[in-house]
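Asks: Give me a 3D structure for the following:
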Amino acid sequence: MMPFTHRLETLYASMKKVGIDTLTLNPGPNLAYLTGLHFHLSERPTLGLFTPGKKPALILPALETNKVASNSLEMETFPFGDNPADWNQAYARAAKNQGLEHKKIGVEPVRLRVLELRFLEEAAPGAEIVSADEVLSSLRICKEPGEIQNMRQAVTIAQNALNATLPLIKIGMTERQLASELTLQLMRAGSDGELPFQPIVAGGPNSANPHAVPTNRKFQPGDLVVIDWGASYQDYFSDLTRTFAIAEISTDLAEVVQVVAQANAAGRAAGKPGIEAGQVDQVTRKVIEDAGLGEYFIHRTGHGLGMESHEAPYIYGENSFLLSQGMAYTIEPGIYIPGQGGVRIEDDVVVTRSGSESLSNLIRELIVVG
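Replies: Residues are numbered from 1 along each chain as shown. From the prediction side, this is the model:
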């Protein structure tokens, strides 16, 4: 229970600074982080309420109450049944318990749905609904040692799964076949069932699309193959990318792989406490620009990682946000040449007391498969 108590204290201190009386949370990473409870967004309007000086409250379907009963954090529950006509009553009881009328209520701007919002507005007349982004953006950004250990394990699982998959790649195999095999290996290696995202497998010209969706295209000699995948372990994610060659590739494409590997190394080494996130992007990008390939690096260098596959801090050139110990993010430079192919090499990095550490260590040089 200790982590949840500490996290709630941190939350309430942040709320006090910005004048928010109550925070509301939909099912998702922030609710799980503060309570240890997991719910899915569904047609049933589940909502958590956090008010300093009161027990956290949950408005939830009656069928979910056993989760709360067995949880270590003491909470008030306001269950509702299957009849939507009665749901507003649960919201009214919770609002009275938390004293929401005429208060300032903070919400998750990217997650709160109109469904919950309308029930909340009806239950708390005169309340001011505001964005709690300022509070939430810093809530999970610095990882505790246990969180980093979970991420480290998620990386290990992902790497083991890829290593088990690589021997299966052969000429004529399709992107979809490889993606499905990698998904199976992730489960066998110990990943939780809810992956951070479905693996991206893109070969030949398709690899020039950073967010390609696996197709029925068959691998051919001379293809570059980009594999972007991740695992989940006890709520925490990994996110990795490596690029492979099917048989021999052209000298030009081999040189592109070398440039991306050098940019990746520069980015991994750049992070440290007190440096701007944008500087990490600039250091990484300069390697590719100096090679004359800057126009083909068409996205930011990376993004934060933890209970979500994309979260703060975001590693783009104009970001003046200062990195601190415990922050975790990806370094994933890429070069994408339309009609020819793409290269991306991605690692997961955590900021340490004096520098940064890559949680991933898979070989980054070009590997020929198939």
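Asks: going forward, measure contacts and count neighbours with C-alpha atoms only.
Replies: OK.
Asks: wait, what's in contact with the spatially most central residue of the chain?
Replies: Nearest to the geometric centre of the chain sits residue 309, at 1.6 Å (C-alpha atoms, centre = their mean). Residue 309 makes contacts with 196-197, 237-239, as judged by C-alpha atoms under 8 Å, 6 or more residues apart in numbering.
Asks: What about the residues you listed, which are in strands?
Replies: residue 237 (DSSP state E).
Asks: How many residues are close by residue 245?
Replies: Residue 245: 25 surrounding residues under other C-alpha atoms under 10 Å.
Asks: go on, residue 318?
Replies: So residue 318, with other C-alpha under 10 Å, has 12 neighbours.
Asks: Give me the distance from stretch 9-24 to the chain's centre.
Replies: In terms of C-alpha atoms, centre = their mean, to the nearest Å, the centre of stretch 9-24 is set 24 Å apart from its chain centre.
Asks: swap in stretch 191-207?
Replies: 14 Å.
Asks: Please apply the same query to stretch 17-35.
Replies: 18 Å.
Asks: now stretch 200-211
Replies: 21 Å.
Asks: same check, this time on stretch 179-196
Replies: Distance, centroid of stretch 179-196 to centroid of chain: 16 Å (C-alpha atoms, centre = their mean).
Asks: ok, now stretch 213-229?
Replies: That offset, for stretch 213-229, works out to 24 Å (C-alpha atoms, centre = their mean).
Asks: likewise stretch 132-150?
Replies: On C-alpha atoms, centre = their mean, the centre of stretch 132-150 falls 12 Å from that of its chain.
Asks: Pull it out as CSV, backbone CA atoms only.
Replies: Provided in CSV are the C-alpha atoms of stretch 132-150 (Å, rounded to 0.1, in the frame of the first residue of the first chain):
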residue,chain,number,x,y,z
ALA,A,132,-5.9,18.6,-15.0
ASP,A,133,-3.1,18.2,-17.6
GLU,A,134,-0.7,20.3,-15.5
VAL,A,135,-1.1,17.9,-12.6
LEU,A,136,-1.2,14.7,-14.6
SER,A,137,1.8,15.5,-16.9
SER,A,138,4.2,15.2,-14.0
LEU,A,139,2.4,12.5,-12.0
ARG,A,140,4.2,9.4,-13.6
ILE,A,141,7.0,11.1,-15.5
CYS,A,142,9.8,10.1,-13.1
LYS,A,143,9.8,6.4,-12.6
GLU,A,144,10.4,4.7,-9.2
PRO,A,145,13.0,1.9,-9.0
GLY,A,146,10.3,-0.8,-9.1
GLU,A,147,8.8,0.8,-12.3
ILE,A,148,12.2,0.8,-14.0
GLN,A,149,12.7,-2.8,-13.1
ASN,A,150,9.3,-3.7,-14.7
